[in-house]
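1. next comes the sequence, and after it the predicted model I'd like to discuss.
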Amino acid sequence: MRFVLLGAPGSGKGTQAGVISERLGIAHVASGDLFREAVTRGDELGRQAKSYMEKGFLVPDELTIRMILERIVAPDCAKGFILDGFPRTLEQATALDRALGERGETIDRVFYIKVATEELVRRLSGRFICRSCQTPYHLVSSPPKVEGRCDLCSGELYQRPDDLPETVRKRIEVYFEETAPLIDYYKEAGKLVEINGEGEIGGIGERLIAALPQGLKWE
Ligand code: AMP
């Protein structure tokens, strides 16, 4: 069970990857989270990734590919994984296919969560995240009970520097320039399934689950 979730920033792919990973008991591998963890640790990877991330640019392929290929051979990926935020370029997609192919493995299915651009901007620029447990909130659609505090752990809520409105537009632009060709790549490979990413979170999850390959064993 090896899946890829494609979708612009703000498409809700992180939330949906969490749902799939829990339901199937497979690892949720989110490249953005791995980079943010590296930045927090302040290690070499984090130092190199930081300046790109702050501007809303993609981190260079070489660094990104190395980080993900190392991550997907970890023991918790043995049963399978769902990739969230990777691949973002054709170069990354072909490197992933090559690495899996060498082990006789393949990506089984690719889900593309589709959301209109204006809706993406609206969602991202109102997004706040808990510093302690990473739970996301939205000023309009899912505000916390107490302003600035997480409902679950009372942690401090903050806005990611790359969720500021001008950076949000840049990230969406970068996404469509760099990532849209992946949609054709996976379509040609016969692996792409399009999911309507607008509407209720629960409804989107149901559509995604209905699009999983038949005969999967649920947790
Ligand atoms: P995300 O949380 O997926 O929106 O990612 C946050 C930031 O991490 C992006 O804006 C990029 O700077 C970087 N990043 C995450 N995934 C990738 C990737 N596959 N390739 C290059 N940069 C990435």
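-> Structure's in. What do you need?

2. residues from the chain in reach of the ligand?
-> The chain comes close to the ligand at residues 9, 31-32, 35, 52-53, 56-59, 64, 85-88, 92, 162, 171, as judged by C-beta under 6 Å from any ligand atom. Where you see a C-beta, it was placed from the backbone N, CA and C, and this is true even at glycine.

3. burial of the residue of the chain found nearest the ligand, as a residue count?
-> Taking C-beta to the nearest ligand atom as the measure, the chain has Gly32 as its residue closest to the ligand, at 2.1 Å. By the criterion of other C-beta atoms under 10 Å, Gly32 has 18 neighbours.

4. repeat for Cys153
-> 12.

5. before we move on, back to that, quick one, what contacts the closest residue to the residue of the chain closest to the ligand other than its chain neighbours?
-> Nearest non-adjacent residue to Gly32, counting by C-beta to C-beta, 6 or more residues apart in numbering: Gly85, 4.8 Å away. By C-beta atoms under 8 Å, 6 or more residues apart in numbering, Gly85 lies in contact with 13-14, 30-33.

6. show me the contacts for Ala211.
-> 109, 111, 193, 195.

7. show me what counts as buried in the one helix or strand the last one maps to.
-> Using DSSP states H and E, Ile195 maps to strand 192-196. Along strand 192-196, these residues count as buried under the neighbour rule (16 or more other C-beta atoms under 10 Å): 192-193, 195.

8. can the residues you listed go into a markdown table with extra columns for distance to Thr179?
-> Converted to a markdown table, these look like this (distance: C-beta to C-beta, whole Å):
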| residue | distance to Thr179 |
| --- | --- |
| Leu192 | 13 |
| Val193 | 16 |
| Ile195 | 16 |
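
9. ranges for the strands of this protein?
-> Taking DSSP state E as the test, the strands found in the chain are 2-6, 27-30, 81-84, 109-114, 127-130, 136-138, 157-158, 192-196.

10. quick one: closest of those to Lys145.
-> strand 136-138 (9.9 Å; C-beta to C-beta).

11. in that closest one, what counts as buried?
-> 136-137.

12. for it, what is the average pLDDT?
-> The average pLDDT within strand 136-138 is 90.

13. likewise for stretch 21-35?
-> Stretch 21-35 carries an average pLDDT of 94.

14. which residues does the closest residue to Thr40 other than its chain neighbours contact?
-> Leaving aside its chain neighbours, Thr40 sits nearest to Gly46 (7.0 Å; criterion: C-beta to C-beta, 6+ apart). Gly46 is in contact with 35, 37-40, counting by C-beta under 8 Å, 6+ apart.

15. ok, His28 next?
-> 17-18, 20-21, 81-82, 84.

16. which of the residues you listed are buried, as a PyMOL select command?
-> Remark: buried members of the contacts of His28, expressed as a PyMOL selection using 16+ other C-beta under 10 Å:
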select buried, resi 17+20+21+81+82+84
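
17. thanks again, I'm all set now.
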